[in-house]
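Enquirer: generate coordinates for the sequence data below:
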Amino acid sequence: MADAINSTLRDRDRNYNGIPFMDRAAFSQTVKDAFRKGPLWAGLGADQKEALDMIAHKLARIVCGNPAVVDHWHDIGGYVRLVEEELLKAAGEVKLPPQTEAPPLPVTASKPIPPASNLMPPPAPLTPPQAAAVNDIVSNRPAIPSAPPVKVPDRPQV
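Expert: Purely as a prediction, here's the structure:
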């Protein structure tokens, strides 16, 4: 079991160009913190908050790793669609048509697609000065100022 976990961690490390997990996590949490400081955050539904958290997570994987991993982009669209469907149901509007069965994705988050003529090639691994710059940005990022609270109307019960 430990060998399988270590193998997965090595694969992920290659997918993220050697950017350490702690740096990727710090970036992801910075984006999530920015969302939480938004004046309307407190009034969002649990589904909306969770979708935004997962989108922030996927964005961190895109900008701190391999932007050619289709699964990251696909998942962001899925989280958006889930919230959209809930909002339409709550408003009593016509439900979105069901998605047609799509063929399986050619990749997963652990298997980036090979570069093609219409895609960016995977970024080169960071050089030591680049890695130091990323670490400096992550450790010295400015605090996001708090916004004043805003009264948000209650969401209709579904």
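
Enquirer: quick one: the closest residue in space to Val63 that isn't next to it in sequence from Arg81, how far?
Expert: In space, not counting the residues next to it along the chain, Val63 is nearest to Phe27; the distance is 7.2 Å by C-beta to C-beta, 6 or more residues apart in numbering. C-beta coordinates here come from the backbone N, C-alpha and C atoms, glycine included. The gap separating Phe27 from Arg81 is 25 Å, by C-beta to C-beta, to the nearest Å.

Enquirer: cool, and Leu59?
Expert: Counting by C-beta to C-beta, the gap from Leu59 to Arg81 is 17 Å.

Enquirer: the more surrounded of the two?
Expert: Neighbours were tallied for Leu59 and for Arg81 using other C-beta atoms under 10 Å; the higher tally belongs to Leu59 (16 against 13).

Enquirer: related to what we said a few turns ago, my guess is the residue nearest to Val63 meets Ala60, correct?
Expert: Yes - Phe27 is in contact with Ala60 according to C-beta atoms under 8 Å; the separation is 4.9 Å.

Enquirer: where does this protein have low pLDDT?
Expert: Residue ranges of the chain with pLDDT under 70: 94-124, 126, 137-158.
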